[in-house]
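Visitor: Need the 3D shape of this:
(chains A, B, C, D, E and F)
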6 protein chains.
Amino acid sequence: MATVTLMSDEEAAGIPEVAAVFADIRAVRRSDVINDFWRGLAHDPATLKRTWEGLKAIMIAPGPLDPLTRELIYMAVSVTNGCSYCIHSHTAAARAKGMTDAQYGHFLAIVGMANQTNALVTALGIAPDKAFQVS
Amino acid sequence: MATVTLMSDEEAAGIPEVAAVFADIRAVRRSDVINDFWRGLAHDPATLKRTWEGLKAIMIAPGPLDPLTRELIYMAVSVTNGCSYCIHSHTAAARAKGMTDAQYGHFLAIVGMANQTNALVTALGIAPDKAFQVS
Amino acid sequence: MATVTLMSDEEAAGIPEVAAVFADIRAVRRSDVINDFWRGLAHDPATLKRTWEGLKAIMIAPGPLDPLTRELIYMAVSVTNGCSYCIHSHTAAARAKGMTDAQYGHFLAIVGMANQTNALVTALGIAPDKAFQVS
Amino acid sequence: MATVTLMSDEEAAGIPEVAAVFADIRAVRRSDVINDFWRGLAHDPATLKRTWEGLKAIMIAPGPLDPLTRELIYMAVSVTNGCSYCIHSHTAAARAKGMTDAQYGHFLAIVGMANQTNALVTALGIAPDKAFQVS
Amino acid sequence: MATVTLMSDEEAAGIPEVAAVFADIRAVRRSDVINDFWRGLAHDPATLKRTWEGLKAIMIAPGPLDPLTRELIYMAVSVTNGCSYCIHSHTAAARAKGMTDAQYGHFLAIVGMANQTNALVTALGIAPDKAFQVS
Amino acid sequence: MATVTLMSDEEAAGIPEVAAVFADIRAVRRSDVINDFWRGLAHDPATLKRTWEGLKAIMIAPGPLDPLTRELIYMAVSVTNGCSYCIHSHTAAARAKGMTDAQYGHFLAIVGMANQTNALVTALGIAPDKAFQVS
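Guide: Residues are numbered from 1 along each chain as shown, chains lettered A, B, ... in the order given. Below is the predicted model:
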């Protein structure tokens, strides 16, 4: 079930911009697998390239947050959006980056709690305390 | 602007269950301040108590995720839900727990990227790769 | 703060379709007040009329759900969408229709719980049990 | 997987209000197909009729926005809500109304970008610039 | 499709905290069935227990809102979040608690209308009328 | 109310990467005004630059969708996310690009209708018709 076809390696080979991104994904990920997200996105090479470059800079390049923390933030967004594909792929990525069962359980508890208190304060309609406002 | 009044310390003093929670918040937080969220929620003492006990167990008690990581997950949920109060309070909490400007910038980049790719894959309607599925 | 002006009674008097809807709102609500939502929507008379007629049929005309239950459902949607205007107006409407403080507290607890379990099951990615599926 | 049965033409034939809507859908769409959405909604004839009449007035009748633009707006809402059925049906409708692959790619890029900047500004908690406020 | 395995009764029997919750679910629900949500959540016994205890207090214990009204509120949240599992399970629960087809039709109409007006007022950016604000 | 300070031109002048983006915004927009969104984002120059470059490529550079259609898609996403800043800024942008009152009214009607039918079909839990599925 999808609104697009998933581009095969054969098709990708005929579109230089796509072939270059697929090759870079394989090199950076050190794996021959190209996930279906990239195969679906490949019909628009500019968006494919912009998305992959952004993801590489933010999720893979060195930065002030460690790889597992990045995945936990990504998972939290994806759960709150209800994005099934994203939840599955980033939960798998978090496990690959060392997430333990205990950490996953703790993550779930936080995400559940945050969604609960978000709903409560939204229902109450309370403005942020002055002390929380930077400007 | 709110759908409820914010319970004062005087009112709270007259409701033992509320007074006990307010006292515990002050003890655990080592601060005399009770945030407006708790003052708005106090009209339903059972929900006040259940919410505070849950938050204490998940966000404050020792656990497999460190305090800053917990706040980043909470912030990611709150941003995605668009909960202004929660965003302000947990961004302040993250800073109090040591979040640097560079880490906050990295957090923003991840949350923006995750919301972008969530939208893209949702639009494409692609099911999670088999390799991501545990069962 | 708004993206449109709020139409005054003077302006409305000059647009027969709007004037008719405003008159009907006053008659049905037995109040001279026209809420700002209708004043903002009035710039598009067709949408104003369609929305008011739908609301009257669903929220005011006799039906199998009682008036307070209807407001609680409306509030639950509005909280989950984070629509501040809707939360405020329908919480006020629910109180006008007899919602007690205890019922409001119970409502808050359910909405918080539902948002929590929604997030948990979404994170787990579990499909509905066969027994829950009608077709 | 559904919470209701999908009403067959045989069943619909026995409920005059439903039969009339199904006939009108077939006439307006110039196709014998009744999509599953209408078959699921048909158990409540009043909601079926109100929804179809609204859709016809807004999406099919002449109006200031052209048919493809209407579908792109519908798709943007559906992607942001994560409504799989709606995404699939309105992407198909947009293609039927002439959406090219390049336009679809551009649409995806905008929807991804909008979700990204929405998250960023929401995280920053910044109020709309005065210049953007009409009243 | 899930991000976790569904814990069997055999596995649960080896984890006292999980076994106790499963036994309590069976006793309270007077049914031998343990829904998949609990089986997925069981890998984190603390979250399993906290969630079940909260649900029991809010959805099953006596309270100011009747059982069907509670389910309708839960359904409204779940639909607005787009949580397929929750929609299916709580629609089934509502039917088990006496929801008629007419009530379900009315519920759908309200949820559709609320999502429509939420979007309209959010687009207009109108602040809540003063009369709706308690503090 | 914000979680960050809004960077002044004086501060920006001291950070070459930020100064360059601000200068480019002014050149491309042919206006001296830098909106508050950019001033808030400027504390993380890499995200500022990446976001502006993406926006410029997608919303300003020539492409298969005309400028007004792009804004309408952006507005539809922003309304559905409930992002007040984004709604205000892109509604203003749409007007600057020629959106008439009639087109805005039609836009509102579509966004309201789409949110209504999204909720209805999500509640019904119906899978996309086979005919809508490309793969």
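Visitor: and the residue nearest in space to the middle of chain A, which of the three is it?
Guide: Closest residue to the average C-alpha location of chain A: A:Tyr74 at 5.0 Å, with Cα atoms, centre = their mean. Assigned with DSSP: H, G, I helix; E, B strand; the rest coil, A:Tyr74 falls in the helix class.
Visitor: So the lengthiest helix in chain A, near chain C or not?
Guide: When chain A is parsed with DSSP state H, its longest helix is helix A:101-124. Yes: Helix A:101-124 reaches chain C (Cβ under 8 Å from any Cβ of the partner chain) through A:108, A:111-120, A:122-124. Glycine gets a C-beta too; all of them are placed from N, C-alpha and C.
Visitor: ok, and for that helix, which residues are buried?
Guide: A:103-124 (16 or more other Cβ atoms under 10 Å in any protein chain shown).
Visitor: quick one: that helix to helix C:101-124, angle?
Guide: 140 degrees (axes from the mean of the first three to the mean of the last three Cα atoms, to 10 degrees).
Visitor: Could you check helix A:101-124 against chain E for contacts?
Guide: Yes: using Cβ under 8 Å from any Cβ, helix A:101-124 reaches chain E at A:101, A:104-106, A:108-109, A:112, A:119.
Visitor: Same list, these, but only the ones touching chain B.
Guide: Applying Cβ under 8 Å from any Cβ, the subset of those adjacent to chain B comprises A:105-106, A:109.
Visitor: before we move on, back to that, make a markdown table from the residues of helix A:101-124 next to chain C and add pLDDT to it.
Guide: Below are those laid out as a markdown table (pLDDT from 0 to 100):
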| residue | pLDDT |
| --- | --- |
| A:Leu108 | 98 |
| A:Val111 | 98 |
| A:Gly112 | 98 |
| A:Met113 | 98 |
| A:Ala114 | 98 |
| A:Asn115 | 98 |
| A:Gln116 | 98 |
| A:Thr117 | 97 |
| A:Asn118 | 97 |
| A:Ala119 | 97 |
| A:Leu120 | 97 |
| A:Thr122 | 97 |
| A:Ala123 | 97 |
| A:Leu124 | 96 |
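Visitor: Widest-spaced pair of these?
Guide: Farthest apart among these by Cβ to Cβ are A:Leu108 and A:Leu124. That separation is 25.0 Å.
Visitor: can I assume A:Met7 is in contact with A:His43?
Guide: Yes: between A:Met7 and A:His43 a contact is recorded at 6.7 Å, counting by Cβ atoms under 8 Å.
Visitor: Contacts only, for the residue of chain A at minimum distance from chain D.
Guide: Going by Cβ to the nearest Cβ, chain D is nearest to A:Asp44 of chain A, at 2.9 Å. Contact analysis of A:Asp44 by Cβ atoms under 8 Å, 6 or more residues apart in numbering or on different chains lists D:101-102, D:104-106, D:108-109.
Visitor: care to break chain A down by domain?
Guide: Following automatic domain parsing, chain A resolves into domains at A:1-61, A:64-127.
Visitor: Give me whichever of the ones you listed is most buried.
Guide: Among these, domain A:64-127 has the highest mean neighbour count (mean count of other Cβ atoms under 10 Å in any protein chain shown), at a mean of 23.
Visitor: how long is that domain end to end?
Guide: The separation between the terminal residues of domain A:64-127, taken as Cα to Cα, to the nearest Å, is 31 Å.
Visitor: and that domain with chain F, contact?
Guide: Yes: interface with chain F: domain A:64-127 contributes A:Ala127 (Cβ under 8 Å from any Cβ).
Visitor: May I ask which helix or strand encompasses A:Asp32?
Guide: Per DSSP states H and E: A:Asp32 is located in neither a helix nor a strand.
Visitor: Look up phi and psi at it.
Guide: phi -80, psi -10 (degrees, to the nearest 10).
Visitor: for chain A, which spans come out with low pLDDT?
Guide: Regions of chain A meeting the criterion pLDDT under 70 are absent.
Visitor: same thing but at 80, please
Guide: Chain A contains residues with pLDDT under 80 at A:1.
Visitor: and it, which of its residues are near chain C?
Guide: A:75, A:79-80, A:82, A:84, A:87-88, A:91, A:108, A:111-120, A:122-125.
Visitor: For the residue of chain A found nearest chain E, list the residues it contacts.
Guide: Taking Cβ to the nearest Cβ, chain E has its nearest neighbour within chain A at A:Gly105, 3.0 Å off. Remark: with contacts taken as Cβ under 8 Å, 6+ apart, A:Gly105 is in contact with B:64, E:43-44, E:46-47.
Visitor: Now with 6 Å, please.
Guide: Contact analysis of A:Gly105 by Cβ atoms under 6 Å, 6 or more residues apart in numbering or on different chains lists E:Asp44.
Visitor: Now do the SS call for the residue nearest to A:Trp52 when sequence neighbours are not counted.
Guide: Once flanking residues are discounted, A:Trp52 sits nearest to A:Val21: 5.3 Å by Cβ to Cβ, 6 or more residues apart in numbering or on different chains. Following three-state DSSP, A:Val21 is assigned to helix.
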